[in-house]
Each structure stands twice: as structure tokens, then as C-alpha cells.
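Student: Need a 3D model of the sequence below.
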Amino acid sequence: MTEPSLLLALDLTGTFVFAVNGALTGLEAARLDIVGMVTLGMVTALGGGILRDILIKAFPPAAFQYWPYLAVAAGGALLAFFFSRALRRFALPILFLDAAGLSLFCVTGATKSLEYGLGAVPAVILGAVTGVGGGTIRDVLVRRVPTVLTSGLYAIPALVGAAIVVIAVRTGIYGVLAALGAALVCFLIRAAGIRYNLNAPVAPEAKNKNDPRQSEKPGGP
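Tutor: Numbers count the residues shown, from 1 in each chain. Reported below is the predicted structural model:
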């Protein structure tokens, strides 16, 4: 598989799994109709890539330039709509599906950023933005705190995966195995966070707010 075809395959796969996850997340957060679920699924699947393309001045964004992106995103969202009852029984697998999408997008985001002449650090950042951008927009639309701000092992795996891509490209070893390896590392870190409920450190004040014992007013009966 050549590098362009690999990039497209990873991008479309990530688009599909994010569309399914985004539509199901919208259904859990609000009672959405078919238009709402498809819209939220497509926003989740395409939002990060559109943000990346705007920032690197890749116009028009790939989501609007190549019809398969819109078709795959809409197809994933419609699948979630018609089979939502069956899919919602698999809450944990859906989380791992989201981890897979995150892993694929951080790789494609960093790769495309480097192709457009960005430096190492901006490419790593935009790789992560590609992975978390759509989900962030989705969470804002359903009025909840974005996952990237509350889950310590969400943005971090994306940054690690994107960094591996940048290192592989700069050392001249980037290819199918390197891309898949970067995606796998990102996936494993995120999966460990899901499995063991791992998060980045939070401020002591935030811990106290989450501790029900700290919510008791002093001087009470």
C-alpha cells in the first residue's frame, strides 16, 4: 500500500468509527431524531479534519473535496440510528471504537500537517486536534464538558501517536508499519485509560469538589 492510499484508508476508517460513536453519544445525551443523530455523527467524524485543514490552509477541506468522506460519515451515523438499541448494549466496545478512531486520526492529522510544511511541534498538535476536534464540537453541541478536558488519557495518547509519526517521518522510516505502529501505541494508551480508569493528575481543589465529604457544611448538626 502506498502512503497516499494508506492515509486515505486510515482516514476513512476513522471517519466511520467516529460517526458511529458520535451519533450514539448524541442519543445518550439527548433524545435526537434522525437528523440530529446524523448531524452529530458527521460533526464528530469530520470536525477535527476540517479544523486541521483550515489551519494548514488546505482548501477546500478534504471532507468537502472528496465525496467518500461525507458518504462514510453519513453511513456510520445512519448505522447508529437504525441499530442504536443493539449498539447501546455494547457501551464498553463503543469506547474502544472511539479509541480506534482517535488513534487513526492522530496519525493522518500529523502526516498531512507535515506534508503541508509544518514543523514538528505544530504537526504533533494538529495531529491531536484532528483526533479530538470533532468530539469536542460534539460535546459542546450536547452541552457537556468536552471529553478532552476531563479525561486525562484522551488528548495525551493522541499527542504521543502524532509524535511517533513525526519522528518516523523525520528519520525517514515512515511507512505502513510505522503508521500502524503509531496508531497502535495511541490505542493501547487510551485503552489502558478506559480499562483502568486512568486520568492525568488534577488540582487538589478539584479533588475536594468531587469528594462528597468535602461538600458537608461545617457547623452542621
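Student: Longest helix of this structure, counting residues only.
Tutor: The longest helix of the chain (DSSP state H) is helix 3-29.
Student: quick one: low-confidence parts of this protein?
Tutor: 1-3, 151-152, 205-221 (pLDDT under 70).
Student: continuing past the helix or strand hosting Ile167, what's the next helix or strand?
Tutor: Assigned by DSSP states H and E, Ile167 belongs to helix 152-170. Using DSSP H and E, the next helix or strand after helix 152-170 towards the C-terminus is helix 176-196.
Student: Contacts for that next one, please.
Tutor: Applying C-beta atoms under 8 Å, 6 or more residues apart in numbering, the external contacts of helix 176-196 come out as 1, 6-7, 10, 92, 95-96, 99-100, 102-104, 106-107, 111, 131, 151-154, 156-158, 160-162, 164-165, 168, 198-199. Where you see a C-beta, it was placed from the backbone N, CA and C, and this is true even at glycine.
Student: And stretch 24-44, by the same measure?
Tutor: Counting by C-beta under 8 Å, 6+ apart, residues outside stretch 24-44 touching it are 18-23, 70, 73-74, 76-78, 80-81, 84, 87-88, 94, 134-135, 137-139, 141-144.
Student: CA atoms of the helix holding Ile167 as PDB?
Tutor: What follows is helix 152-170, C-alpha atoms only, in PDB (Å, rounded to 0.1, in the frame of the first residue of the first chain):
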ATOM      1  CA  GLY A 152      -6.500  12.700  31.100                       C
ATOM      2  CA  LEU A 153      -5.800   9.800  28.700                       C
ATOM      3  CA  TYR A 154      -7.600  11.200  25.700                       C
ATOM      4  CA  ALA A 155      -5.500  14.000  24.300                       C
ATOM      5  CA  ILE A 156      -2.300  12.500  25.700                       C
ATOM      6  CA  PRO A 157      -2.500   9.300  23.600                       C
ATOM      7  CA  ALA A 158      -3.200  11.400  20.500                       C
ATOM      8  CA  LEU A 159      -0.200  13.600  21.200                       C
ATOM      9  CA  VAL A 160       2.000  10.500  21.700                       C
ATOM     10  CA  GLY A 161       0.800   8.900  18.500                       C
ATOM     11  CA  ALA A 162       1.300  12.100  16.500                       C
ATOM     12  CA  ALA A 163       4.800  12.500  17.900                       C
ATOM     13  CA  ILE A 164       5.700   9.000  16.800                       C
ATOM     14  CA  VAL A 165       4.600   9.800  13.300                       C
ATOM     15  CA  VAL A 166       6.700  13.000  13.200                       C
ATOM     16  CA  ILE A 167       9.800  11.100  14.500                       C
ATOM     17  CA  ALA A 168       9.200   8.400  11.900                       C
ATOM     18  CA  VAL A 169       8.900  10.900   9.000                       C
ATOM     19  CA  ARG A 170      11.900  12.900  10.100                       C
END
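Student: how far out from the middle of the chain is the longest helix of the chain?
Tutor: 8 Å (C-alpha atoms, centre = their mean, to the nearest Å).
Student: Helix 176-196 and that helix, what's the angle between them?
Tutor: 20 degrees (axes from the mean of the first three to the mean of the last three C-alpha atoms, to 10 degrees).
Student: from the contacts of stretch 24-44, which would you call buried?
Tutor: 18-23, 73-74, 76-78, 80-81, 84, 87, 94, 134-135, 137-139, 141-142 (16 or more other C-beta atoms under 10 Å).
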